[in-house]
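Asks: Quick one: sequence and predicted model below, then my questions.
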2 protein chains.
Amino acid sequence: MDLSERQLQILQAIISDYVENAEPVGSRSIAKKYDLGVSPATIRNEMSDLEEMGYLTHPHTSAGRVPSDKAYRLYVDDLMQKKNLSARDKRLINDRLAASRDEFDATIRHAAELLSEITHLASFAMTPSVNEDTIAFIRLMPVDARTIILMIVGNSGNVTNTTLRLSVPYTQESLEMLGKHMTVTYKGRTLDDALKGEIIEDVGTDIEALSQLRGSVMPSFMKTLEDMLNVHLYMEGMTNIFNIPEYSSIDRARDFMQMFARKDEFTRKMLDRDEGVVITIGDENDSMKDCTLITATYHVDGKMVGKIGVIGPTRMKYDEVTSIMEYLTNNLSESFRLTEGKDDDKK
Amino acid sequence: MDLSERQLQILQAIISDYVENAEPVGSRSIAKKYDLGVSPATIRNEMSDLEEMGYLTHPHTSAGRVPSDKAYRLYVDDLMQKKNLSARDKRLINDRLAASRDEFDATIRHAAELLSEITHLASFAMTPSVNEDTIAFIRLMPVDARTIILMIVGNSGNVTNTTLRLSVPYTQESLEMLGKHMTVTYKGRTLDDALKGEIIEDVGTDIEALSQLRGSVMPSFMKTLEDMLNVHLYMEGMTNIFNIPEYSSIDRARDFMQMFARKDEFTRKMLDRDEGVVITIGDENDSMKDCTLITATYHVDGKMVGKIGVIGPTRMKYDEVTSIMEYLTNNLSESFRLTEGKDDDKK
DNA sequence: TGTTAGCACTCACTCTTGCAGAGTGCTAAT
DNA sequence: ATTAGCACTCTGCAAGAGTGAGTGCTAACA
């Protein structure tokens, strides 16, 4: 049931042509453009067989053939050859990422931008989830009579703060004491653990004022932990899909945009995907059944894993897109390896 | 050249009908639905006059009439009557805003959400620009051997921090010294002033190490100031426009979405608008000539001004939308007056 | 003098028909 | 096994006819 050499050639030709022109491709044009040494009639016969095997479909009787999801899958797994990035694209990526090297989130955002600029598809990039990050210290600082700042610093350099307004008065000393006590309590625990674990009731002191202060601070503490744990999602080039024939119907476009508007749901789905370059084509996706989704992972500090991705029609230039994504993730991992432990604030 | 009472009635009827059904309205249907006590023929004569005066247009000879931008302007200025919000909407607004009262940015985001949920239009909300905010203090804190946190606190409680990686070693004392020195230098200056003003070269000490440290910190300081000055823009319900007949063409929809994708440009334009409820209809806008844009302002702490807005087709329910926006901005101003000086971190 | 009824006219929209073009599927010849 | 040839199918486009909604004008009316 394997495909013959010639069938593979024809299939590849059809995919190339269709990816290029977005129109069903007929036997005659294949015979003309790709020098296979056979006549259109022969190609027709092969195409008929390929269709029977599920690699091609037929919008209607007298239209040309269109590759099926199965065909793209075969192409991606066996036929596709790595493409080399143009020097121009490489330089673009290097320059842009270098420009924001010392601001973590900005770098990630730029990665998403680059991805959509170069591929002309919709793209996104996510910061790593820091569930595994551990708490380094917690500090409370006075701002004015009733306002203080709560700051949580993770060992990866991840910092988040919240301003909170207290209903009880405080003293500089009590703030320091509580901060130190919280640090002692939570130091070394993962954010996840700190958030989900039982709340330590023991303030380590009997001083009533401190206990009250603690009561005011804890809810914000938890909320801030939650905030630190949130993955940041940057999306770019969503409007690119309007230029793709597949999405020229308003309904399609709407569905597409709405999927992205639900950021939380989208983030969750993306986090579930495996590491490395993962391609899911058409029906292989549980939603967006007419899209291809490609994700790739980068590493921060060797362990934390972030993701970038592109979304487009199944009809896309798989070879180019995957090459770009590999280059980009390598570049990202590289910069985050050197500046290990680096992470800017959560703006 | 003033309009007669009857002409106003007819104009109002046409607007109501068109806003409701999005289809050109004819003389007969007006005569039937609105009890004006005159025949279609009379209405036709009046419509003809109204058209001559520029209040109505005519897609083609045998279509009904459509209100012009000028008609909406008249309606908004003179004819429109305040609508009372439904108890349901009021409750929705109160509840949702109350839920996030202690997180400034979250409240603003919720305001945008509410606006799009209730009006079914595209909406946005911006945090106030804090150009006028003054620096309260600056602090530098150690994280690890090469990493420190720079924190700038404004007098409005606005806090931003950045983690930065130093190329030179530091000591705890030098950090404290520099922090204090910077605080002395910048305290009381507005963010804008601090950012644009000349950089104070004098470190107030001759110690070489401190001067070097300062050299590493200043660029991040500037960048962080810039970040604090940035207005945060939250957009919601962009996909709502897909449900509006005016935007059922893919080109229109694309233009619309692209305008929002350019956030910086959009923000700048919105900042230029006056305070209070401002309505610009169709051609009155310099871009989006077929949209109506309504903005309204809320106040934080009495002085800082933030904006919310909706964007939709010129054919919208002006009375309802403005009522909702007034209610919402009053509510926002109210909560930010009570919790004056409150502002969460810049997550 | 303002209002109305009546009627011709216009235009968008829809449905049908016809036609050209692209492509297939089958058959018979090579 | 491959190919040429031909009938067949289906889409897309354009032209033409019919329909319906709505206007504009005129003449009659109160």
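Replies: Yep, that arrived. Numbers count the residues shown, from 1 in each chain, chains lettered A, B, ... in the order given.

Asks: distance of whatever residue of chain A ends up closest to DNA strand C from residue A:56?
Replies: Proximity of chain A to DNA strand C (CB to the nearest atom of the strand) peaks at residue A:26, 2.8 Å away. To be clear about C-beta, it is placed using only N, CA and C from the backbone, and glycine gets the same treatment. Distance of residue A:26 to residue A:56, computed by CB to CB, to the nearest Å: 12 Å.

Asks: Identify the contacts common to these two.
Replies: The contact sets of residue A:26 and residue A:56 overlap at residue A:65 (CB atoms under 8 Å, 6 or more residues apart in numbering or on different chains).

Asks: These two - which one has more neighbours?
Replies: Neighbours per residue (other CB atoms under 10 Å in any protein chain shown) separate residue A:26 from residue A:56, with residue A:56 holding more: 26 against 19.

Asks: quick one: the helices in the stretch 101-250 of chain A?
Replies: For the stretch 101-250 of chain A, applying DSSP state H, counting those that start in this stretch gives helices covering A:104-119, A:172-186, A:191-196, A:208-229, A:250-261.

Asks: okay if I get these as CSV plus distance to residue B:287 and mean neighbour count?
Replies: Below are those laid out as CSV (distance: least, CB to CB, whole Å; neighbours: other CB atoms under 10 Å in any protein chain shown):
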stretch, distance to residue B:287, mean neighbour count
helix A:104-119, 22, 22
helix A:172-186, 50, 18
helix A:191-196, 44, 18
helix A:208-229, 35, 17
helix A:250-261, 20, 17
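
Asks: can you list these in TSV and add distance to residue B:221?
Replies: Below are the helices of the stretch 101-250 of chain A laid out as TSV (distance: least, CB to CB, whole Å):
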stretch	distance to residue B:221
helix A:104-119	16
helix A:172-186	24
helix A:191-196	28
helix A:208-229	24
helix A:250-261	35
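
Asks: which ones are touching residue A:98?
Replies: Residues near residue A:98 by CB under 8 Å, 6+ apart: residue A:335.

Asks: The helix or strand of chain A with the lowest mean pLDDT pairs with which strands, parallel or anti?
Replies: Of all helical and strand segments in chain A, the minimum by mean pLDDT, DSSP states H and E falls on strand A:159-165, at a mean of 79. Strand A:159-165 has the following strand partners under DSSP bridges: strand A:147-154 (antiparallel).

Asks: Could you export the strand it pairs with as PDB, CA atoms only?
Replies: What follows is strand A:147-154, C-alpha atoms only, in PDB (Å, rounded to 0.1, in the frame of the first residue of the first chain):
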ATOM      1  CA  THR A 147      -0.400  52.000  51.300                       C
ATOM      2  CA  ILE A 148       2.300  49.500  51.000                       C
ATOM      3  CA  ILE A 149       4.000  47.500  48.300                       C
ATOM      4  CA  LEU A 150       4.200  43.700  48.300                       C
ATOM      5  CA  MET A 151       7.000  42.300  46.300                       C
ATOM      6  CA  ILE A 152       7.700  38.700  45.600                       C
ATOM      7  CA  VAL A 153      11.000  37.700  44.000                       C
ATOM      8  CA  GLY A 154      11.500  34.300  42.500                       C
END
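
Asks: what angle separates the least confident helix or strand of chain A from helix A:208-229?
Replies: Interaxial angle of strand A:159-165 relative to helix A:208-229 (axes from the mean of the first three to the mean of the last three CA atoms, to 10 degrees): 130 degrees.

Asks: Isn't residue A:162 up against residue A:222?
Replies: No. Residue A:162 is beyond contact range of residue A:222, at 10.6 Å (criterion: CB atoms under 8 Å).

Asks: For the stretch 151-300 of chain A, which residues score under the pLDDT cut-off?
Replies: Where the stretch 151-300 of chain A drops to pLDDT under 70, the residues are A:198-207.

Asks: And the residue of it that's closest to DNA strand D?
Replies: Closest point on the stretch 151-300 of chain A to DNA strand D, by CB to the nearest atom of the strand, is residue A:245, at 11.4 Å.

Asks: Nearest spatial neighbour of that residue, chain-adjacent residues omitted?
Replies: Distances taken as CB to CB, 6 or more residues apart in numbering or on different chains place residue A:22 nearest to residue A:245, at 4.7 Å, with adjacent residues excluded.

Asks: nearest to residue B:3, of the helices of the stretch 101-250 of chain A?
Replies: For residue B:3, the closest of those is helix A:250-261, at 38.0 Å, according to CB to CB.

Asks: Can you confirm whether the helix or strand just after that closest one lies near chain B?
Replies: Note on helix A:250-261: by DSSP states H and E, the next helix or strand toward the C-terminus is helix A:263-271. No. If you take CB under 8 Å from any CB of the partner chain as the test, helix A:263-271 misses chain B, and the best it gets is 11.3 Å.

Asks: Given whichever helix or strand comes after helix A:263-271, what are its sheet partners and their directions?
Replies: As assigned by DSSP H and E, the chain's next helix or strand after helix A:263-271 is strand A:278-281. Using DSSP bridges, the strands paired with strand A:278-281 are strand A:291-300 (antiparallel).

Asks: relative to strand A:291-300, how tilted is the helix or strand following the partner strand?
Replies: Per DSSP H and E, strand A:291-300 leads on to strand A:304-313 as the next helix or strand towards the C-terminus. Taking the same axes, to 10 degrees, one finds strand A:304-313 and strand A:291-300 inclined to each other by 160 degrees.

Asks: Kindly spell out which helices and strands sit in contact with strand A:304-313.
Replies: helix A:104-119, strand A:122-126, helix A:263-271, strand A:291-300, helix A:318-338 (3 or more CB pairs under 8 Å, 6 or more residues apart in numbering or on different chains; DSSP states H and E).

Asks: out of those, which comes closest to residue A:241?
Replies: Closest of the helices and strands packed on strand A:304-313 to residue A:241 is strand A:122-126, at 5.6 Å (criterion: CB to CB).

Asks: contacts for the closest one?
Replies: The contact list for strand A:122-126, computed with CB under 8 Å, 6+ apart, reads A:108-109, A:111-113, A:115-116, A:231-238, A:240-241, A:256, A:260, A:267, A:270-271, A:306-312.

Asks: And stretch A:25-39, by the same measure?
Replies: Stretch A:25-39 has contacts (CB under 8 Å, 6+ apart) with A:6, A:9-10, A:13-14, A:17-18, A:40-41, A:43-44, A:47, A:64-66.

Asks: Quick check on those: which are buried?
Replies: A:9-10, A:13-14, A:17-18, A:43-44, A:47, A:64-66 (16 or more other CB atoms under 10 Å in any protein chain shown).

Asks: Give the burial count for the spatially closest residue to residue A:297 that is not a sequence neighbour, as a bare number.
Replies: Distances taken as CB to CB, 6+ apart place residue A:275 nearest to residue A:297, at 4.6 Å, with adjacent residues excluded. Residues near residue A:275, counting by other CB under 10 Å, number 12.

Asks: I'd assumed residue A:306 was in contact with residue A:275.
Replies: No. Using CB under 8 Å, residue A:275 is not in contact with residue A:306; the gap is 10.5 Å.

Asks: Mutual contacts of those two, please.
Replies: Contact criterion CB under 8 Å, 6+ apart; residues shared by residue A:275 and residue A:306: residue A:297.

Asks: for the closest residue to DNA strand D within the stretch 1-150 of chain A, helix, strand, or coil?
Replies: With CB to the nearest atom of the strand, the shortest gap between the stretch 1-150 of chain A and DNA strand D falls at residue A:62, namely 2.8 Å. Of the three states, residue A:62 takes coil according to DSSP: H, G, I helix; E, B strand; the rest coil.

Asks: On the pLDDT front, check it for me.
Replies: On the pLDDT scale, residue A:62 is placed at 88.
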